[in-house]
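# from the sequence below, what's the structure:
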Amino acid sequence: MADNDGEELTYADAGVDIDASEAATAALIGMVGEGDGDYAGLLDIGDRYLALATDGVGTKLLVAEALADYSTVGIDCIAMNVNDLVAAGVRPVAFVDYLAVEEPDETFAEQVGKGLAAAADRADIELVGGETAVMPEVVRGLDLAGTCAGLAAKDAVFDGTAEPGDALVGWRSSGIHSNGLTLAREAVTRDHDYTDPCPFGEYDTLGEALLEPTRIYTDLLDPMRDHDVRGAAHVTGGGWGNLERLGVNRYVVDDPFEPQPVFEFVQAAGNVSDAEMHRTFNMGTGFVAAVAPDAAESLAA
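The predicted structure is shown next:
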C-alpha cells in the first residue's frame, strides 16, 4: 500500500491518456472508414435502421477481482452498450457478450451471467448468445465486453446536434459507472485497500462503492422522443467533454447534480484537480439531452 505523497494525480499519470486514446481511435476510423452515427453504427435496412454498439467493462474488473465479486459487472457491460444506443435514439433489442478468461472458472462465470441477466431484464432486451474464450497467454484474469443491436425507424433517430438556445436536461448517474476506473483505482489505493470500510454511503467497503453498477437509461427513450429531443449524450470517458458530441457550442451547466460522495473521496485521495475530475468522470450526471427550452421542464418531470 503506497503512501500518499501529495502529488496531484491525473488520468494520464494513472495510465490512460485521453488525447492519445482519441488519436488512436481516429487513426482506426480513418483506415476502416467512418460509418453513420456517433454513439451507434447505423445500417440502412429499408424502412428503418439496424444499429450496433460495442463496449466493455474496463478496469472496473480489477476491483471485482480484488473483492472476488463479479455479480454486477455484467450490468455494467450491458449498460455501457444500451445507453449508447439510447443516446442515438435507438431502441436496444438484443445483446451478445464476449468473455475472455485466463483460465475457466465456474464461479465467476456464474456471477457474470447473473449480472448480464439482471441487466437484460432491466433494459428489456434479449440475450441471444455469447462467446467464452480461454486465452492464458493473452488475458490476465478476465475481460468482459459485448455488442448490442437495436432498431429504429429512420425518422426516430436523433439528429444529434444541439441548437443555440437549447436547454440541457440531465439525469443522475448511479456513481462512477464504468469509466475513469484507472484513475479512481490509483487514487483510492494510494493509502487504502479496496476492502477498507467505506466512510460514506451504505457500502461496506471502498471497493463496493467503486463497483456500484452503471445506471441503465432505456426508460428515457420514449419520453425523449415525445419531447422532440434533438440529441443526447451518454456521459462516459472524457466526462463533461461528451457534451461536445452534440456539436461545437458553448455549453453552460448551471444546475448540475451534486456529485456522489465517491467522487469527493477519489479527488481527495488522489489530490485530483477539479478540471481533471470533470474531464474524466461523469460527476453525478450520467445522461444529458438537448431539447427546445419550452419542453425542458416537462421532459425532466
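
# how about the lengthiest helix in the chain as CSV, C-alpha atoms only?
Among the segments of the chain that qualify as a helix by DSSP state H, the longest is helix 106-123. Extracted in CSV, the C-alpha atoms of helix 106-123 (Å, rounded to 0.1, in the frame of the first residue of the first chain):
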residue,chain,number,x,y,z
GLU,A,106,-17.4,-21.8,-13.0
THR,A,107,-17.9,-19.4,-10.0
PHE,A,108,-17.1,-16.1,-11.6
ALA,A,109,-18.7,-17.1,-14.9
GLU,A,110,-21.9,-17.7,-13.0
GLN,A,111,-21.6,-14.3,-11.3
VAL,A,112,-21.0,-12.6,-14.6
GLY,A,113,-24.1,-14.3,-16.0
LYS,A,114,-26.2,-13.2,-13.1
GLY,A,115,-25.4,-9.5,-13.8
LEU,A,116,-26.0,-9.9,-17.5
ALA,A,117,-29.4,-11.5,-16.9
ALA,A,118,-30.4,-8.8,-14.4
ALA,A,119,-29.4,-6.0,-16.8
ALA,A,120,-31.1,-7.6,-19.8
ASP,A,121,-34.3,-7.7,-17.8
ARG,A,122,-33.9,-4.1,-16.7
ALA,A,123,-33.1,-2.9,-20.2
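
# just checking, next helix/strand downstream of that helix?
strand 126-134 (DSSP states H and E).

# and the helix or strand following that next one, what does it pack onto?
Using DSSP H and E, the next helix or strand after strand 126-134 towards the C-terminus is strand 142-153. Packing partners of strand 142-153 (3 or more Cβ pairs under 8 Å, 6 or more residues apart in numbering; DSSP states H and E): strand 48-56, helix 60-67, helix 73-88, strand 91-101, helix 106-123. Using the backbone N, CA and C atoms, a C-beta is placed for each residue, glycine as well.

# buried stuff in the fourth one?
Meaning strand 91-101. Using 16 or more other Cβ atoms under 10 Å as the burial criterion, the residues of strand 91-101 that qualify are Arg91, Pro92, Val93, Phe95, Val96, Asp97, Tyr98, Leu99, Ala100, Val101.

# and Thr214, what does it touch?
Ile75, Asp76, Ala79, Met80, Asn83, Ser173, Ser174, His177, Ser178, Gly286 (Cβ atoms under 8 Å, 6 or more residues apart in numbering).

# out of those residues, flag the one nearest to Asp47.
Asn83 (25.5 Å; Cβ to Cβ).

# please, where are all the strands along the stretch 151-300 of the chain?
167-172, 231-234, 285-291 (DSSP state E, counting those that start in this stretch).

# deepest of those, which one?
Greatest average neighbour count among these goes to strand 231-234 (a mean of 26), per mean count of other Cβ atoms under 10 Å.

# run me through the strand neighbours of that one, direction for each.
strand 285-291 (antiparallel) (DSSP bridges).

# quick one: the strand it pairs with to strand 167-172, angle?
Per axes from the mean of the first three to the mean of the last three Cα atoms, to 10 degrees, the angle that strand 285-291 makes with strand 167-172 is 160 degrees.

# give me the low-pLDDT residue ranges for the stretch 101-250 of the chain?
Scanning the stretch 101-250 of the chain for pLDDT under 70 picks out no residues.

# before we move on, the earlier item: for Ile45, which of the strands of the stretch 151-300 of the chain is the nearest?
Closest among the strands of the stretch 151-300 of the chain, using Cβ to Cβ: strand 231-234, at 22.6 Å.

# just to check, Val266 is in contact with Ala187?
Yes. Counting by Cβ atoms under 8 Å, Val266 touches Ala187, with 4.8 Å between them.

# between these two, which one's more packed in?
Val266 (26 against 22; other Cβ atoms under 10 Å).

# contact partners for the more buried one?
Val266 sits next to Ile176, Leu183, Ala184, Ala187, Val188, Val272, Met277, Phe281 when contact means Cβ under 8 Å, 6+ apart.

# number of nearby residues for the first one?
Translated: Ile176. 26.

# measure it to Gly286 for me?
Distance, Ile176 to Gly286, by Cβ to Cβ, to the nearest Å: 10 Å.

# what about Gly239, how many residues nearby?
Neighbour number of Gly239 under other Cβ under 10 Å is 22.

# quick check: it touching Gly286?
No. Gly239 lies out of contact with Gly286 (Cβ under 8 Å); the separation is 11.0 Å.

# quick one on the thing from earlier: can you give me the angle the longest helix of the chain makes with helix 60-67?
130 degrees.

# only the buried residues of helix 106-123, if you could.
For helix 106-123, by 16+ other Cβ under 10 Å, it's Phe108, Gln111, Val112, Gly113, Lys114, Gly115, Leu116, Ala118, Ala119, Ala120, Arg122, Ala123.
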